[in-house]
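> sequence plus predicted model, see below.
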Amino acid sequence: MRSRNPVFSRRGFSRDNGYAGFNTAPQAGGPAVATQGNPYAQPTGNPYAQNPYAQNPYAQQDLQYGAPPQAPATTGRMTIDDVVLRTASTLGVLIITAALSWALLPVDDANISRSYGIGIGAALIGMVLAFVQSFKRKASPALILTYAAFEGVFLGVVSNIVDSRIADGAAMQAVIGTMAVFAGVLIAYKAGWIRVNRRFYGFVMAAALGFILLMMVNLLFAVFGGGDGLGFRSGALGVVFGVIGIILGACFLALDFKQVEDGVAYGAPREEAWLAAFGLTLTLVWIYLEFLRLISILNSND
């Protein structure tokens, strides 16, 4: 099973048959997924074909009594509405806790150390919860919502610090930038301008791994050598890496959209919508933080 953490991997709905249905065929009676010309398409079948909710137990009885055949039942299968609802719930918890931490954890000279410490602690707890969920076979709504709550505390503190001490209005600018990237990628994906296949997935994951390794090396140099480390997060080089981080986040959004599309097409169980919401939340947080960091660098260079 692939990790659901966007930094390291993407979990597809095809389970052991590849990422996001690249190696599987659509479920009989379900929405068709194009496989013509896809060199990775293998006739391995839909991993959700055995879903008991995707079959009509009265089909033979209906035929016996001359009733017209019925479409397969869709009860218990994931829909776009399920994903939207759960994503809205997760982001709602995150936004509420971010607003509360902004209001209740002041970042003036007398309180910034305490507030920053609480924010870092919340970020570490959120990271642990994200890793736990990433390696679980099934989605845990309570775990996902708890992650969102702690992540919101961290985002509220760091956003308040940047907004109050570095760049006035930075938080709102980062929110607008994140929404613009989300809308742009969604439009491009639906229009077919972005084609998510195994080659795209491999390229994005390789680029993300290299990006993370560079940031870790830079952090180590900053901790043990002082200053800005290797300079990957400051000056002109910091701006370049900030833009790269946002582009990687946009690519992760495309992977998330592919995952949702395949989950619906292949009849994934409804609880899988929580995993989709979890992935989208992780990606949006990534993009927001990259925007916030980029705005900070640009304003510190003024």
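Done, it's in.

> alpha carbons only for contacts and neighbour counts from here, please
OK.

> ok, I246 - contacts?
286-287, 290-291 (C-alpha atoms under 8 Å, 6 or more residues apart in numbering).

> would it count as being in a strand?
No. Using DSSP: H, G, I helix; E, B strand; the rest coil, the assignment for I246 is helix, not a strand.

> just give me how far stretch 279-293 sits from the chain centre.
8 Å (C-alpha atoms, centre = their mean, to the nearest Å).

> hang on, the earlier thing: which of the contacts of I246 lies closest to M205?
W286 (14.7 Å; C-alpha to C-alpha).

> how many neighbours does that closest one have?
21 (other C-alpha atoms under 10 Å).

> which non-adjacent residue is nearest it?
G249 (6.4 Å; C-alpha to C-alpha, 6 or more residues apart in numbering).

> any buried residues in the helix or strand encompassing that neighbour, and which?
G249 is located in helix 235-265, with elements delineated by DSSP states H and E. Buried residues in helix 235-265, counted by 16 or more other C-alpha atoms under 10 Å: 238-239, 241-242, 244-265.

> from the contacts of I246, which two are the most distant?
Every pair of the contacts of I246 checked by C-alpha to C-alpha; the farthest is W286 and F291, at 8.7 Å.

> quick one: buried residues of stretch 110-121?
115-116, 118-121.

> narrow the residues you listed to those in helices?
Here DSSP state H is the test, and the buried residues of stretch 110-121 give 115-116, 118-121 as lying in helices.

> from L282, how far off is the residue nearest to W286?
Taking C-alpha to C-alpha, to the nearest Å as the measure, G249 falls 10 Å from L282.

> do the same with N160
Where L282 is concerned, N160 sits at a distance of 20 Å (C-alpha to C-alpha).

> that older thread, quick check: buried residues in the helix or strand following the helix holding G249?
The C-terminal neighbour of helix 235-265 among helices and strands, as given by DSSP H and E, is helix 272-300. By 16+ other C-alpha under 10 Å, the buried positions in helix 272-300 come out as 272-298.

> re earlier: in a markdown table: the contacts of I246, plus pLDDT.
Formatted as a markdown table, the contacts of I246 follow (pLDDT from 0 to 100):
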| residue | pLDDT |
| --- | --- |
| W286 | 96 |
| I287 | 97 |
| E290 | 95 |
| F291 | 96 |
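
> from L129, how far out is A149?
11 Å.

> having no further points to raise, I will conclude here.
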